[in-house]
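J.: this one's structure only:
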């Protein structure tokens, strides 16, 4: 009986194959003689084994469609071969601009000096290729040479990157808008969660400014309440609330729709960093000058738990699950803390101590769930003395950190932040953006320590201390110690 079943299945498979072959052969006969080409891809499509479980009509139609696809591609390639053109010409043909597009698009100036002044968007095809940059000696309003660095900007490569060419994924067309109403240093700035339009920044005069950076940039809310520097803040997952920490020893929770402070949590030392739990927004983690992290209940303001460290906790970030907290202290150490998403309980996992002899505070701790270089989650840290470190994170071993590469920059006086760049480069590098003491925004490839700088943005007159990407990764915000916030628009690449 079993042999009969096998024989029946085999005969059915032969019938299916014969039926599908007839359909394909009928199509080939109906076509012109040009269609009867001998190309390996066509035979690959036609000679695929038929499965006895499929309907014969389905198999025949499928092979017919594959035949057409292979035939079309074959004729297209033959046309290029006969014209004496190779792969490079064929690739350039595919990537060439459409009718009406230009291969070079000019940089479009914004109007610095006017808060929220908007630069009207150029034509849709103007960002496709790398753009011509304004030089640092050209005035964007009058076109005359000038030495005023505030009214000039460019997207140029550094001396080392000029030899290799600017990384196309991080070319910029210029300023999208400028906010300059703040009269003190803008110490921290962030875009809203999964938002390309909502931006907030905190300053050393204790104010928080919330604005939109869409096609009509404007200030939405001015949040006043802190009496000293705003050290950090974070958006809730729905962007309805902001929690801020300050040197005035308080944590404040703001409701953005009303622009009011709905809760104040008092501490005994400076509150230095703050994060909402990414899964359970009822938990608010705060690092302070008392060498501890406290977890507060967002609804009541009460302390749930705390964990003590060896030095002041200066920066922190959650992983995407909220199970791990990565925090840096004033001695350059990186701690891993396991957090219970249900109870808020904290337990220290392990510590990665800096190998540098000079113990410098950690200014940036940023987690990313995937990296091309590491093939998994990674962590970026930046210390005040200019050490950039890139770690791979082993989530299966409670977030164990392995140093993959590092970069030593010039020492800094200010606490300057860094941020991961979008995963848009075709090369397997790891790119980050960072502010600097020389008033530029730099882009580095951490995998090229000898020629790490791939681009820089010039537009600020004072040291740049904060950088942040929006969710769409087409805008980069930077801030300086003079209170100026510039929104840069990244050029689209082919």
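T.: That came through, no problem. Note that the structure is a prediction, hence the values are computed from the model and not measured.
J.: where do the helices sit along this structure?
T.: Along the chain, the stretches classed as helices by DSSP state H are 2-30, 40-46, 56-82, 87-95, 159-162.
J.: mind checking pLDDT for residue 395?
T.: Reading off the confidence values, residue 395 has pLDDT 85.
J.: where's it relative to residue 61, distance?
T.: Relative to residue 61, residue 395 is positioned 45 Å away (CB to CB, to the nearest Å). For the C-beta atoms, the positions are set from N, CA and C on the backbone; glycine is no exception.
J.: go on, residue 250?
T.: Going from residue 250 to residue 61 by CB to CB gives 69 Å.
J.: more crowded one of the two?
T.: residue 250 (19 against 14; other CB atoms under 10 Å).
J.: is the more buried one in a bridge, and if so with what?
T.: On the basis of DSSP bridges, residue 250 is bridged to residue 266.
J.: thought it was touching residue 264?
T.: Yes: contact status for residue 250 versus residue 264: in contact at 5.6 Å, counting by CB atoms under 8 Å.
J.: helix or strand with the lowest mean pLDDT in this protein?
T.: Comparing every helix and strand of the chain by mean pLDDT, DSSP states H and E singles out strand 154-156 as the least confident one, with a mean of 36.
J.: how far away is the closest residue to residue 332 other than its chain neighbours from residue 171?
T.: Ranked by CB to CB, 6 or more residues apart in numbering and with sequence neighbours excluded, the top spatial neighbour of residue 332 is residue 354, at 3.6 Å. Per CB to CB, residue 354 is found 34 Å from residue 171.
J.: could you do residue 229 as well?
T.: Between residue 229 and residue 171 the distance is 34 Å, computed by CB to CB.
J.: of those two, give the one with the bigger neighbour count.
T.: For residue 229 versus residue 171, the count of surrounding residues by other CB under 10 Å is larger for residue 171: 22 against 19.
J.: quick one, what contacts residue 489?
T.: Under the criterion of CB atoms under 8 Å, 6 or more residues apart in numbering, the neighbours of residue 489 are 119, 172-176, 474-475.
J.: so which of these comes closest to residue 201?
T.: Of all these, residue 475 has the smallest distance to residue 201: 13.7 Å, by CB to CB.
J.: in this structure that closest one contacts residue 176, no?
T.: Yes: Residue 475 is within contact range of residue 176, at 6.1 Å (criterion: CB under 8 Å).
J.: go ahead and confirm residue 225 touches residue 202.
T.: No: between residue 225 and residue 202 no contact is recorded; they are 11.3 Å apart, counting by CB under 8 Å.
J.: higher neighbour count, the two?
T.: residue 202 (29 against 17).
J.: I'd say that one and residue 233 touch.
T.: Yes: here residue 202 reaches residue 233: they are 5.5 Å apart, a contact under CB under 8 Å.
J.: which residues do the two both contact?
T.: If you check residue 202 and residue 233 against CB under 8 Å, 6+ apart, the residues they both contact are 188, 208, 244.
J.: show me what contacts the second one?
T.: Okay, so that is residue 208. 200-202, 222-224, 226, 230, 233, 242, 244, 254.
J.: how much space separates the closest residue to it other than its chain neighbours from residue 365?
T.: Leaving aside its chain neighbours, residue 208 sits nearest to residue 223 (3.9 Å; criterion: CB to CB, 6+ apart). Here residue 223 is placed at a distance of 25 Å from residue 365 (CB to CB).
J.: ok, now residue 171?
T.: 28 Å.
J.: please apply the same query to residue 410.
T.: 21 Å.
J.: who has more neighbours, these two?
T.: The neighbour count for residue 410 versus residue 365, taken as other CB under 10 Å, is higher for residue 365 (23 against 9).
J.: would you confirm that that one contacts residue 313?
T.: No: at 10.0 Å, residue 365 and residue 313 do not qualify as touching, with contact defined as CB under 8 Å.
J.: joint contacts of the two?
T.: 327-328.
J.: tell me if I'm right that residue 183 and residue 205 touch.
T.: Yes: assessed by CB under 8 Å, residue 183 is found in contact with residue 205 at 7.0 Å.
J.: who's more crowded, the two?
T.: Neighbours were counted for residue 183 and for residue 205 using other CB under 10 Å; residue 205 has more, 17 against 11.
J.: and the nearest residue to the more buried one once chain neighbours are set aside, what does it touch?
T.: Nearest-residue entry for residue 205: residue 184, 4.1 Å, with adjacent residues in sequence omitted and distances by CB to CB, 6+ apart. By CB under 8 Å, 6+ apart, the residues touching residue 184 are 203-205, 483.
J.: from residue 417, how far off is residue 238?
T.: Taken as CB to CB, the span from residue 238 to residue 417 is 25 Å.
J.: which of the two has more neighbours?
T.: Ranked by neighbour count (other CB under 10 Å), residue 238 and residue 417 place residue 417 first, with 23 against 10.
J.: find me the pLDDT at the nearest residue to that one once chain neighbours are set aside, would you?
T.: Using CB to CB, 6+ apart and skipping the chain neighbours, the partner closest in space to residue 417 is residue 364 (4.8 Å). Residue 364 is assigned 95 on the pLDDT scale.
J.: now do the contacts for residue 364.
T.: Neighbours of residue 364 in contact, by CB under 8 Å, 6+ apart: 315, 328, 380-382, 417-419.
J.: where does the chain dip in pLDDT?
T.: 1-60, 62-63, 66-169, 424-428, 493-494 (pLDDT under 70).
J.: list the residues that contact residue 384.
T.: With CB under 8 Å, 6+ apart, residue 384 has these contacts: 360-363, 412, 414-416.
J.: just flag the most distant two among those residues.
T.: That would be 362 and 414, which, of the contacts of residue 384, are the farthest apart (CB to CB) at 14.2 Å.
J.: so which of these two has more stuff around it?
T.: residue 362 (29 against 18).
J.: partner residues bridging that one?
T.: Applying DSSP bridges, one finds that residue 362 bridges with residue 383.
J.: ok, it to residue 273 distance?
T.: For residue 362 relative to residue 273 (CB to CB), the value is 10 Å.
J.: common neighbours of the two, please.
T.: Common contacts of residue 362 and residue 273, defined by CB under 8 Å, 6+ apart, comprise 314-315.
J.: quickly list what's touching both of residue 475 and residue 176.
T.: Joint contacts of residue 475 and residue 176 (CB under 8 Å, 6+ apart) are 213, 487-489.
J.: residues touching residue 446, list them.
T.: 388, 390, 405-407, 429-432, 452.
J.: let's see it at 10 Å
T.: Taking CB atoms under 10 Å, 6 or more residues apart in numbering as the criterion, residue 446 is in contact with 373, 380, 388-390, 404-407, 429-432, 452.
J.: which of the residues you listed fall in strands?
T.: Counting by DSSP state E, the contacts of residue 446 place 380, 388-390, 404-407, 431-432 in strands.
J.: and the buried ones among those residues, selectable in PyMOL?
T.: To isolate the buried ones among those in PyMOL, judged by 16 or more other CB atoms under 10 Å, type:
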select buried, resi 380+388+389+390+404+405+407+431+432
